[in-house]
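S.K.: Model the structure of this input:
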Amino acid sequence: MSLLIENTPRSEGRVLNRQTFNDRLIAAVYTAYSSKGNYMKNRFKLFLGVTAMALSVSAFAKPALHTATIDQHGHIVAQSSPWIKSVSYATQKDYFATYKVLFNEGQFKTAPGFCSVSSIDTSDHERLFYGHAKLGGAATAEQVNVLGLMVGKRGASGDSSMSFQLACSN
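M.R.: Numbers count the residues shown, from 1 in each chain. From the prediction side, this is the model:
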């Protein structure tokens, strides 16, 4: 075991063994890098800065998902936010129904990056089993077209109007 001489104003030249010296060294390093030391304060500031940047970037980049439920006559039943201006409805007997969904002005600066439609009509068994809703082309910044179809039904399809849910995201 090697001996070291502590040479500080209060030590008065005491002799320390290696273990005591290591303990004091560890204590000094711990104090320097503890929450009271500058290292941890700087690290905490860095953590706060990175977190603030990540939250602000994600807030600007986060796309908003807009949803709406529209009944078989083209009336808006519910919206997640007021994003649809109006819905015009037209039907062609024994073929399909068309819903032209107009967005509020300025709702989308460019065409929505994603739109999806799903038939939710359960008013009768034929609509439940054969009813399909699909997008009639790509959405623009002003509108999206939705088609209602009765796919697979034997004979004339009759009225293809149906309720659907529409979701679009920028």
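
S.K.: which ones are touching the closest residue in space to Ile84 that isn't next to it in sequence?
M.R.: With C-beta to C-beta, 6 or more residues apart in numbering as the criterion, Ile84 has its nearest non-adjacent residue at 5.4 Å, and that residue is Ala68. The C-beta positions use only the backbone N, C-alpha and C, and glycine is treated the same way. When contacts are counted by C-beta atoms under 8 Å, 6 or more residues apart in numbering, Ala68 touches 76-80, 83-84, 101, 165-167.

S.K.: Mind doing that once more with 6 Å?
M.R.: 79, 84, 166 (C-beta atoms under 6 Å, 6 or more residues apart in numbering).

S.K.: try Val146
M.R.: Applying C-beta under 6 Å, 6+ apart, we find Val146 in contact with 99, 117, 133.

S.K.: Out of these, name the ones that lie in strands.
M.R.: 99, 117, 133 (DSSP state E).

S.K.: could I get the residues you listed as JSON lines with distance to Lys153 and neighbour count?
M.R.: Compiled in JSON lines, the ones in strands among the contacts of Val146 are given as follows (distance: C-beta to C-beta, whole Å; neighbours: other C-beta atoms under 10 Å):
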{"residue": "Tyr99", "distance to Lys153": "20", "neighbour count": "25"}
{"residue": "Val117", "distance to Lys153": "19", "neighbour count": "24"}
{"residue": "Ala133", "distance to Lys153": "15", "neighbour count": "24"}
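
S.K.: Where does the prediction get shaky in this protein?
M.R.: 1-22, 25-62 (pLDDT under 70).

S.K.: switch to 90 and redo it
M.R.: Regions of the chain meeting the criterion pLDDT under 90 cover residues 1-64, 152-158, 170.

S.K.: What is the end-to-end distance of stretch 73-83?
M.R.: 19 Å (C-alpha to C-alpha, to the nearest Å).

S.K.: no no, stretch 102-120
M.R.: In stretch 102-120, first residue to last residue: 20 Å (C-alpha to C-alpha).

S.K.: Stretch 107-116 too?
M.R.: One end of stretch 107-116 to the other measures 17 Å (C-alpha to C-alpha).
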